[in-house]
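[1] pasting the structure only:
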């Protein structure tokens, strides 16, 4: 069930999480940006755990919520953090992959393919 999408989402989340972790060490970041990076890292780390450890079909609402929150953080940082364009792009890619996974799970559930 949705293993291809799950692995793709997991790969994107890990890539984004690692990029955010590296970005935290950039000199000259505004304190707001630094704080948001710490929050983004924690959110991506939690999402990675969810994708690895939890039954996705039972956690679709949480996955949607996490994706929405990440998207809002990226949108809030996009205007102020021009230094972090690449990293924010990776987070945005992860959000899209997670949203696609959630859509597949919802569709599969509606057709009785997932308990």
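    Here it is on my side, so go on. What you are looking at is a predicted structure, and each value in this text was computed from that prediction instead of being measured. Residues are numbered from 1 along each chain as shown.

[2] pLDDT below threshold where in this protein?
    Counting by pLDDT under 70, the chain has low-confidence residues at 1-2, 79-82, 113-115.

[3] how about the strands in it?
    Counting by DSSP state E, the chain has no strands to list.

[4] Tell me how far residue 38 lies from residue 24.
    Distance check for residue 38 against residue 24: by Cβ to Cβ, to the nearest Å, it reads 7 Å. To be clear about C-beta, it is placed using only N, CA and C from the backbone, and glycine gets the same treatment.

[5] and for the two, which residues touch both?
    Contact with both residue 38 and residue 24 is made by no residue, according to Cβ atoms under 8 Å, 6 or more residues apart in numbering.

[6] how many other residues sit next to the closest residue to residue 77 other than its chain neighbours?
    What sits nearest to residue 77 in space, not counting adjacent residues and going by Cβ to Cβ, 6 or more residues apart in numbering, is residue 36, at 5.4 Å. By other Cβ atoms under 10 Å, the residues close to residue 36 number 21.

[7] next one: the one 3 residues further on
    For residue 39, the count of nearby residues is 14 (other Cβ under 10 Å).

[8] just checking, the residue nearest to residue 77 touches residue 73?
    Yes. Residue 36 is within contact range of residue 73, at 6.1 Å (criterion: Cβ atoms under 8 Å).
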